[in-house]
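Peer 1: next come a sequence and a model predicted from it.
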Amino acid sequence: MRFLDPIRTLSPHWPDTHTLAFEVFYRKGKILLMIQSIKRAIRTNPETPEIPLHLTMLSDYVSRHPVENELVREIVESEMEGLVPGGKVEEWLESYTADHGDGLQQTFTVGCARAFLDVECSSEQLTTVLSFDFKTADLPSCLYVLERLQRGSLTPTSEQIATFKKLAHQSFPMCPSFRPDKDIQR
């Protein structure tokens with residue numbers, strides 16, 4: 001993970017640096033570095049859309065993997081209390097949604113976070129995304145959500161992805177990413 005140090009040092013003000021670092025540290029099980037990445041992402045840009053999902057993943061990781069070292073456990077508990085007061089992720093998500101949840105990216109990542117907590121609600125969260133008012137969405141947000149839907153976030157069917165593309169195409173008719181598949185093949 002030495003490759004991350006130069007990136008984190010040279011790009012400290014780029015929020016993606018910290019969200020990508022979180023994903024690496026999550027896969028490696030480095031809890032203190034996960035917390036550090038989340039805190040830096042929040043400090044860099046609290047509007048970063050991945051924050052709700054990553055904080056949910058972190059909270060779940062902390063609850064499933066108890067820390068044996070007493071000092072590290074105290075640090076983790078203290079930091080988690082600062083990030084998620086009372087350890088109630090659902091309440092934190094509601095608060096985050098009230099403060100930052102008016103954009104498509106935020107709506108999508110909060111939906112992914114809720115689906116991470118309860119897999120059964122994936123279809124409900126996907127319905128929320130598909131019912132979003134695309135007139136208020138911007139192109140980068142639509143592309144972000146399309147990319148993640150195509151990767152399988154919220155477990156969409158191909159018809160649901162086509163519906164998303166159709167809705168986004170109405171707002172951004174010149175974007176080739178949202179053109180119906182039959183138009184692309186011509």
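Peer 2: Yep, that arrived.
Peer 1: going by C-alpha atoms from here, please, whenever you check contacts or count neighbours.
Peer 2: Fine.
Peer 1: any idea how far the one helix or strand M80 maps to is from the chain center?
Peer 2: Here M80, judged by DSSP states H and E, is contained in helix 70-83. In terms of Cα atoms, centre = their mean, to the nearest Å, the centre of helix 70-83 is found 23 Å from the chain centre.
Peer 1: give the next helix or strand downstream of that helix.
Peer 2: With elements assigned by DSSP H and E, the helix or strand that comes after helix 70-83 is helix 89-100.
Peer 1: helices and strands around that following helix, which ones?
Peer 2: helix 51-64, helix 104-117 (3 or more Cα pairs under 8 Å, 6 or more residues apart in numbering; DSSP states H and E).
Peer 1: if you count neighbours, what's buried in it?
Peer 2: V89, W92, L93, Y96, T97, H100 (16 or more other Cα atoms under 10 Å).
Peer 1: got the contact list for the fifth one?
Peer 2: Read that as T97. Going by Cα atoms under 8 Å, 6 or more residues apart in numbering, T97 touches Q106, T107, V110.
Peer 1: quick one: residues contacting Q106.
Peer 2: Q106 touches P49, E50, T97, H100, counting by Cα under 8 Å, 6+ apart.
Peer 1: make sure the second one is actually in contact with F108.
Peer 2: Put plainly, it is E50. No. In this structure, E50 is not within contact of F108 by Cα atoms under 8 Å, at 9.5 Å.
Peer 1: what does stretch 53-64 rub up against?
Peer 2: Under Cα under 8 Å, 6+ apart, the answer for stretch 53-64 is 19, 22, 26, 31, 34-35, 38, 80, 87, 89, 109-110, 112-113, 116-117.
Peer 1: give me the distance from that stretch to the chain's centre.
Peer 2: With Cα atoms, centre = their mean, you get 12 Å for stretch 53-64.
Peer 1: for that stretch, what is the average pLDDT?
Peer 2: Mean pLDDT, computed over stretch 53-64, is 94.
Peer 1: show me which positions of it end up buried.
Peer 2: Judged by neighbour count (16+ other Cα under 10 Å), stretch 53-64 contains these buried residues: L53, H54, L55, T56, M57, L58, S59, V62.
Peer 1: looking at those, which one is closest to T155?
Peer 2: Set against T155, the nearest of the buried residues of stretch 53-64 by Cα to Cα is L53 (15.4 Å).
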